[in-house]
Each structure stands twice: as C-alpha cells, then as structure tokens.
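**Student:** what's the 3D shape of this:
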Amino acid sequence: MLTELCGYLKNWFEVKKCYGDFVIADNSISFADGTALPLQEGQHFRVIGSIFNDGVYEYQRATLKDESFNGSVWCLAIPPDVLTLASDVSAWRAKYEGIGSPVMSPYTSESFGGYSYSKTSGNTANGDNGGSWQSVFGNRLARYRKI
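**Tutor:** Now for the predicted structure:
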C-alpha cells in the first residue's frame, strides 16, 4: 500500500538517493561491491529499476526476491502519520472495495418490473454509497500531496 500511496501523493519522502548496481540476497540489499546502504533498521526505502522488487519496503523487515540490478534505492523518511494513513486506507479498502460493496456500484437501489434505479449521492464520509479511497481520505492526503 505504501508504494501506491506515495505514488498517489507524488511524495516519496526521500532523504537520499543511491544509484548504481545493487544486489538483493537473503532479504538484504546492498551495493554490488558489498558496501552497505545508509539505511537504519525499520527505515523505509524505495527500489527502482529492479525486475522483481520495485516498490517501497521496510529495511530488515521486508521479504525480497534475490536478484542483481542496476537502478536506484531511495532512503525514505515516511512520517508516522502517513504510515497510519496507509494502514487506515488498507483497512477501508478491505471493507469497501470488495465485489459486493456499495462502492463498486453507482446505484443505491434498483427495482425490476417497471425498472427504476437511484444513483449514488456521492456520500463518501464513511465509504458508503460510492467514493474511492482517494476521495474518502482526501482531507488527510492533501497535507502530504505534491503537485
């Protein structure tokens, strides 16, 4: 979710960008020459240019596929509020983006026979009757969004 959230925000909270050849082995990432990356345990980082591992991960807690690649690794400083927001968005999506969810239908009611329907009112305050996670969490997202 962090990869998608940061992409939507156009804000990766990067503090340092490292470029070159990298090796991922046994859930650890380093420069190809063995030099360690300037990451601390629990810090988030972004992998770019990898075949199997592009995305945002937590250092020393991620499950990564072994590979060598040329690209970049960004050291990130994602604020705790954004991590909480990502968790809240994930929970909302699990609840409201299922196939039977009202969010998946533009209608609040239908009837057959003489056929009539009601379209959603766009009430997204709690996720009912339409809306995306971006609109539901818009107020919280706006603070961190870059243009």
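**Student:** Now for residue 78, how many residues are close by?
**Tutor:** Per other CB atoms under 10 Å, the neighbour tally for residue 78 reads 23. Any C-beta I mention is one placed from the backbone N, CA and C, and that applies to glycine too.
**Student:** So it lies in a helix, does it not?
**Tutor:** No. Using DSSP: H, G, I helix; E, B strand; the rest coil, the assignment for residue 78 is coil, not a helix.
**Student:** ok, it touching residue 13?
**Tutor:** Yes. The criterion here is CB atoms under 8 Å, and residue 78 meets it with residue 13 at 4.8 Å.
**Student:** If we ignore the residues flanking it in sequence, what's nearest residue 40?
**Tutor:** residue 59 (6.8 Å; CB to CB, 6 or more residues apart in numbering).
**Student:** what does residue 133 give?
**Tutor:** Nearest to residue 133 is residue 89, by CB to CB, 6+ apart, at 5.0 Å.
**Student:** and the one you found, how many neighbours does it have?
**Tutor:** 21.
**Student:** Could you shift the numbering so residue one becomes 94, and keep it that way?
**Tutor:** Okay, using 94 as the starting number, the last item reads as residue 182.
**Student:** as a whole number, average confidence for the longest strand seen in the chain?
**Tutor:** For the chain, the longest strand by residue count, based on DSSP state E, is strand 107-118. Model confidence over strand 107-118, given as mean pLDDT, is 98.
**Student:** Give the buried residues for the helix or strand harbouring residue 96.
**Tutor:** Using DSSP states H and E, residue 96 sits within helix 95-102. Neighbour counts over helix 95-102 (16 or more other CB atoms under 10 Å) mark 95, 98, 99, 102 as buried.
**Student:** thought the residue nearest to residue 226 was touching residue 231?
**Tutor:** No. Using CB under 8 Å, residue 182 is not in contact with residue 231; the gap is 11.4 Å.
**Student:** Quick one: residues contacting the residue nearest to residue 226.
**Tutor:** 94, 98, 226, 230 (CB atoms under 8 Å, 6 or more residues apart in numbering).
**Student:** Now the last one: closest residue in space that isn't a chain neighbour?
**Tutor:** Going back to what we said before, that points to residue 230. Closest to residue 230 by CB to CB, 6+ apart is residue 182, at 5.9 Å.
**Student:** Lovely, talk soon.
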